[in-house]
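**Q** Okay, here's the prediction I keep looking at, along with the sequence it came from:
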Amino acid sequence: MSSKNDAQRFADFDEDLMTGINVTPLVDVCLVLVIIFMVTTPLLSRPAFDVKLPIATTQEGEEKDKVTLSLGAGDKMAVDAQELKTIEEVRKALELKLQLVESRIVILRADKEATHGRLTELMAAAKDAGARSISIATEQKR
């Protein structure tokens, strides 16, 4: 009779076995690791020593620091105050003006009615002439 009781106990034991994995402890450990990384990451990005940076104020560049390229309605073009007829004339005038300007910045003033194709041609001409930066002038919203 003892062997029958043992067999019954083993059968009951098999029914009580867990067949699933409990992931709650794993999630708890992962969340703790995330919190540790969130706390320690800002500490790692600090510089080795403090540096006192110089104080500077910025202001708009003076007109002599820029070359103004204008595109009007009807494909009128001008470099500063000099009106020009062709893209090649614009390119040559820009080369001359940019040699005199240290910053090599070109301000592009284009009319709302100007064609997109002509605008891109002027931008390419400015880059070919040696412009480091091209800014497009706009009016402020009111």
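**A** The structure has been received and is ready for your questions. None of these values were measured; they are calculated from a predicted model.

**Q** Show me the chain divided up by domain.
**A** Following automatic domain parsing, the chain resolves into domains at 2-44, 63-136.

**Q** can you tell me which of the ones you listed the model trusts least?
**A** When the domains of the chain are compared by mean pLDDT, domain 2-44 comes last with a mean of 77.

**Q** Most tightly packed of the domains of the chain?
**A** Highest mean neighbour count among those (mean count of other C-beta atoms under 10 Å): domain 63-136, with a mean of 16. Just so you know, the C-beta spots here come from the backbone N, C-alpha and C atoms, and that holds for glycine as well.

**Q** Would you enumerate the residues in contact with the nearest residue to residue 114 once chain neighbours are set aside?
**A** Closest residue in space to residue 114, ignoring its immediate chain neighbours: residue 71 at 4.7 Å, by C-beta to C-beta, 6 or more residues apart in numbering. Listed by C-beta atoms under 8 Å, 6 or more residues apart in numbering, the contact partners of residue 71 are 77, 108-111, 114, 118-119, 122.

**Q** got it, and residue 98?
**A** Residue 98 neighbours (C-beta under 8 Å, 6+ apart): 67, 104, 106, 129-131.

**Q** switch the cut-off to 7 Å
**A** Counting by C-beta atoms under 7 Å, 6 or more residues apart in numbering, residue 98 makes contact with 67, 104, 129-131.

**Q** Among these, which lie within strands?
**A** residue 67 (DSSP state E).

**Q** and the two most separated of the contacts of residue 98?
**A** 67 and 130 (10.3 Å; C-beta to C-beta).

**Q** could you measure the closest residue to residue 137 other than its chain neighbours against residue 66, distance?
**A** Residue nearest to residue 137 in three dimensions, not counting chain neighbours: residue 109, with 4.5 Å by C-beta to C-beta, 6+ apart. Distance, residue 109 to residue 66, by C-beta to C-beta, to the nearest Å: 11 Å.

**Q** what do you get for residue 23?
**A** Relative to residue 66, and taking C-beta to C-beta, residue 23 is found at 64 Å.

**Q** Which helix or strand contains residue 70?
**A** Residue 70 is part of strand 66-71, with elements assigned from DSSP states H and E.

**Q** Perfect, I'm done here.
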